[in-house]
Structures are given as C-alpha cells and as structure tokens.
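Undergrad: Give me the fold of what follows.
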Amino acid sequence: MGRLFGTDGVRGVANTELTGELAYQLGRAGAYVLASEAHHKPRILVGKDTRRSSDMLEKALVAGICSAGADAVLAGFIPTPAIAYLVRKYGFDAGVVISASHNPAEFNGIKFFNTQGYKLSDELEERIEAIILDKSEEVPSPMGKDVGITTELETAVDDYVEFATGTINCDLKGLKIAVDCANGAIYKAAPKAISKLGAELFVICDEPDGLNINAGCGSTHIERLMKFTVENKCDVGLAFDGDADRVLAVDENGSLVDGDKMMSIIGLSMKKKGLLNHETIVATVMSNLGLDVMARENGINIVKTTVGDRYVLEKMLEGDYMLGGEQSGHIIIRTHNTTGDGLVTALQLLQVLKESGRKLSELAGIMNVFPQVLKNARVDNSKKYKYLEDPVIAEECRRLEETFHGEGRVLIRPSGTEPLVRVMIEGRDQEYITSKATELVRLIEERLG
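TA: Numbers count the residues shown, from 1 in each chain. Sure thing, here's the model as predicted:
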C-alpha cells in the first residue's frame with residue numbers, strides 16, 4: 001500500500017486524518033495527473049455518499065480540481081459504481097467518489113476512476129502521492145478563463161437507474177422485495193430501480209441524516225434486514241453498504257445469501273446462457289470451500305486471488321473473465337460494469353429468481369457452506385511472516401490438508417496491523433476443525449512466539 005492510498009483510495013477519520021487541505025491537494029494533483037493527456041479542457045465527475053463530512057470534502061476537492069484548470073461536474077449523492085458507469089457514458093476525463101464505503105460515519109475516503117471507469121493503477125496513485133508529499137512535479141495554476149468551473153449532472157441518478165435496469169431483460173412483477181439502503185448513497189437509486197421493474201417494494205434505512213450511514217443497518221448489520229424480510233413475507237431482502245459497491249441478500253426464511261452464494265447462483269445462470277467466459281469465476285482465498293465444491297460439481301473453474309476487489313479485477317482482466325468477487329458481496333460483473341456494483345449484482349440475482357420461478361432458498365442450496373473456524377496465534381511481531389519458512393508448521397499444514405481429501409483446507413496469514421498470525425480451517429466437521437485449529441495455533445505460538 002502507498003503512503004496515502006490504501007487498497008481502496010485514501011481513507012481516514014474526516015477532518016483529522018482526511019482533512020480539507022488533503023482533499024484540496026488530492027483534487028489538484030489528481031486533476032493534473034488524470035487529465036494531463038486531454039487536448040481539451042478536462043472534465044472530472046464528482047460523486048459522494050451521505051456522510052456529513054462529504055460536503056466539506058467535496059468543496060475542498062472541487063476547489064483543487066478547478067485550481068488545476070479542470071472543470072468539476074457534481075453528481076451529488078450517488079453510488080460508487082454509478083460514477084464508474086457515468087464517466088464512460090459521458091466521456092469524462094476522470095471520476096472521483098467521496099466515500100468510506102461500509103465504515104462508520106466519522107470516516108471518509110476519496111477514490112479516483114480513470115476515463116475508462118477503472119480504479120487507478122499503483123503507478124498513477126504513486127505519482128499523485130509523489131506530487132503531494134515530495135513536490136515531484138509542479139501542478140500549474142492557470143488564471144482567467146483557464147480556471148475550472150463547477151456544474152451539476154442533474155440526471156446522474158436517473159441515468160444510473162436506466163443503466164442498471166437495462167442489465168436484465170425481464171420485469172420483477174410478482175416479487176416482494178425488501179431493501180435496506182444503509183442510509184447511504186443508494187437511498188434514491190435502489191428504490192427507483194426496483195419499483196421501475198414492477199416489484200412490490202419494502203424499504204428501510206433510506207433516510208440519511210449524515211450520521212446514520214451504516215449505523216446498525218446495511219450489509220454490515222444484516223440482522224435487521226433478516227427480521228424485516230420475514231416479517232413482511234418478502235421473497236428476498238437486499239442490503240447495500242454505504243456506497244453500494246456491495247450487496248448481500250436474505251432469502252424468504254431470513255437466511256443469509258452471501259457473495260459466494262450469489263456468485264454461485266449468477267455464475268450458473270451465466271454458464272447456461274453462454275456468458276461465463278472460460279467457464280470461470282474469480283474469487284479470493286477467503287471464499288468458502290463450498291464455492292469450490294459447487295464449481296467442481298457444475299463444470300466451473302475457480303481462480304483464486306488475495307483478498308481485495310482490486311486483485312479480483314486484475315485477475316479478471318488478465319484472463320478475460322466476466323464474474324468475480326468476494327464473500328462480502330463485492331461482486332464484479334464485467335459484462336456490465338468496471339467495478340463492484342451492488343445494484344447490478346442485485347438485479348442479476350433477481351432476474352434468476354424471477355426466471356426460475358423458484359425460491360431463493362432453493363437457488364442458494366446449490367452451494368453448501370462448509371463450517372469454518374478462525375483463530376489467532378499471538379507471535380513475535382518480527383516473526384509473523386516466517387510461518388512459511390518453519391518446516392514443522394509447514395509439515396503440519398500439509399499433513400492436515402491431506403486428511404481432508406479435498407473437502408477441507410488450511411489458510412494461514414499474518415495480520416497487517418497486529419502481532420498475530422490468523423489460522424482459518426474449513427471442513428465438514430465443526431468439532432474436528434475447531435480442535436485442529438486450536439492445535440495449530442498452539443504450535444505456531446510455540447515456534448514463533
């Protein structure tokens with residue numbers, strides 16, 4: 001990770017870590033770097049989520065953009081994936097989203113998209129960082145008519161709704177759908193889209209006040225939607241996060257349908273329609289082993305990446321794959337968008353539900369979730385990356401995986417911030433894997449403590 005940019009833009013507590021000054025600098029440097037190839041006055045699209053601090057950061061960011069000679073076009077409260085789409089639709093030179101996704105209201109973030117609607121490469125992020133932190137390049141300060149101005153894209157939400165609803169070729173009449181908007185950026189778009197398709201709609205958490213985004217609601221607090229879906233006898237519930245780049249579902253019984261299960265359902269449907277390139281789904285190492293078993297039984301390949309949607313997308317582009325994502329519900333369907341898109345994912349799921357005429361619980365049954373146990377081994381911080389070099393630990397992991405005969409696995413990874421090594425074991429027998437995880441933790445602490 002960079003000095004300012006993490007795996008998903010620049011993040012921090014608003015007004016202390018992510019300040020107005022930093023937003024201004026990001027606006028200037030970002031506009032300069034992203035629009036440097038333009039042979040016209042650059043135009044940059046800016047969207048935000050519903051946090052109170054988003055207004056403050058938007059004003060500072062836009063001031064930076066305009067001071068570098070680019071025009072800023074404001075999209076208002078809108079999901080992150082909508083910016084990725086609208087940048088392509090209208091030919092903007094770049095897009096920026098002010099959001100901290102699923103994090104609490106006091107946090108915020110700034111992430112950029114290039115003119116193709118993709119998040120920035122490491123090289124571009126490093127160049128922006130170097131301009132801000134090292135003064136590696138001088139950003140021009142134009143005068144007079146060359147200073148940028150701001151305008152508004154008043155059709156932004158409607159444009160996005162039209163795009164999203166156009167990704168399926170059926171209506172949703174006859175379905176009762178519960179939606180939790182997380183008091184976030186999708187509070188207008190999701191109800192509009194689902195109503196437009198004819199479903200009977202039940203909405204919660206669509207009244208943002210700047211402080212209630214993700215607060216006891218949305219995809220990080222799915223329990224509320226589980227209860228609401230059952231109480232209202234809905235066929236399905238959908239829970240978005242603050243910027244709606246991810247979605248989780250709930251079936252008619254109130255049971256969770258996570259990202260792995262949604263990829264199973266959507267992936268099988270795409271395979272039947274000939275839309276699943278190379279019969280492959282891209283997932284991360286944290287996806288449940290049940291996804292691998294489902295894929296094996298249905299003639300689908302699973303390609304694994306490290307955790308993080310940017311790594312999923314990199315692998316998808318590298319292999320020309322169309323479907324990939326994470327257990328968290330951050331799913332990328334390249335047929336339709338360049339980044340995780342909660343609304344598009346939800347609509348693809350609803351299309352399968354409507355076309356199949358089956359209950360969501362039946363569809364989700366295609367994948368059996370393997371029991372999983374996660375334990376932490378406390379180790380010396382200087383040794384936490386050396387578990388792979390320890391022959392005793394390596395041999396124990398190998399021996400343990402052999403006993404599973406392909407129906408279990410061991411995953412060990414160091415914590416990025418604490419003196420811990422995380423041990424995750426999956427298998428069919430909860431009691432067995434729990435005891436083995438405890439033994440492995442003890443061994444790692446003895447060897448690396």
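
Undergrad: Bridged to Val73, which residues?
TA: Val73 has these beta-bridge partners by DSSP bridges: Leu45, Thr151.

Undergrad: Let me see the contact set for it.
TA: Arg43, Ile44, Leu45, Val46, Phe92, Thr150, Thr151, Glu152, Leu153 (Cβ atoms under 8 Å, 6 or more residues apart in numbering). The way it works is simple: take the backbone N, C-alpha and C, and place the C-beta from them, glycine included.

Undergrad: Which of those residues are buried, as a PyMOL select command?
TA: Of the contacts of Val73, the buried ones go into a single PyMOL selection, burial set by 16 or more other Cβ atoms under 10 Å:
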select buried, resi 43+44+45+46+92+153
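
Undergrad: Export the contacts of Val73 as a markdown table, with columns for distance to Ala295 and pLDDT.
TA: Listed next are these as a markdown table, based on distance: Cβ to Cβ, whole Å; pLDDT from 0 to 100:
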| residue | distance to Ala295 | pLDDT |
| --- | --- | --- |
| Arg43 | 43 | 96 |
| Ile44 | 40 | 97 |
| Leu45 | 37 | 98 |
| Val46 | 40 | 98 |
| Phe92 | 38 | 96 |
| Thr150 | 48 | 98 |
| Thr151 | 47 | 98 |
| Glu152 | 45 | 98 |
| Leu153 | 41 | 98 |
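
Undergrad: will you turn the contacts of Val73 into CSV that also has distance to His278?
TA: Listed next are the contacts of Val73 as CSV, based on distance: Cβ to Cβ, whole Å:
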residue, distance to His278
Arg43, 37
Ile44, 35
Leu45, 33
Val46, 37
Phe92, 32
Thr150, 44
Thr151, 43
Glu152, 42
Leu153, 37
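
Undergrad: Pick the one among the contacts of Val73 closest to Lys261.
TA: Using Cβ to Cβ, Leu45 comes nearest to Lys261 of the contacts of Val73, at 33.5 Å.

Undergrad: Point out where the protein drops to low pLDDT.
TA: For the chain, the stretches flagged by pLDDT under 70 are 1-2, 37, 416-417.

Undergrad: picking that back up, from the contacts of Val73, pick the one nearest Val33.
TA: Nearest member of the contacts of Val73 to Val33, counting by Cβ to Cβ, is Ile44, at 11.2 Å.

Undergrad: measure that closest one to Ile412 for me?
TA: The gap separating Ile44 from Ile412 is 43 Å, by Cβ to Cβ, to the nearest Å.

Undergrad: Residues in contact with the lengthiest helix in the chain: which ones?
TA: Once the chain is assigned using DSSP state H, the helix that runs over the most residues is helix 430-448. Residues from elsewhere that reach helix 430-448 (Cβ under 8 Å, 6+ apart): 371-380, 383-384, 386-387, 390, 392-393, 396-397, 400, 408, 410, 412, 421, 423-427.
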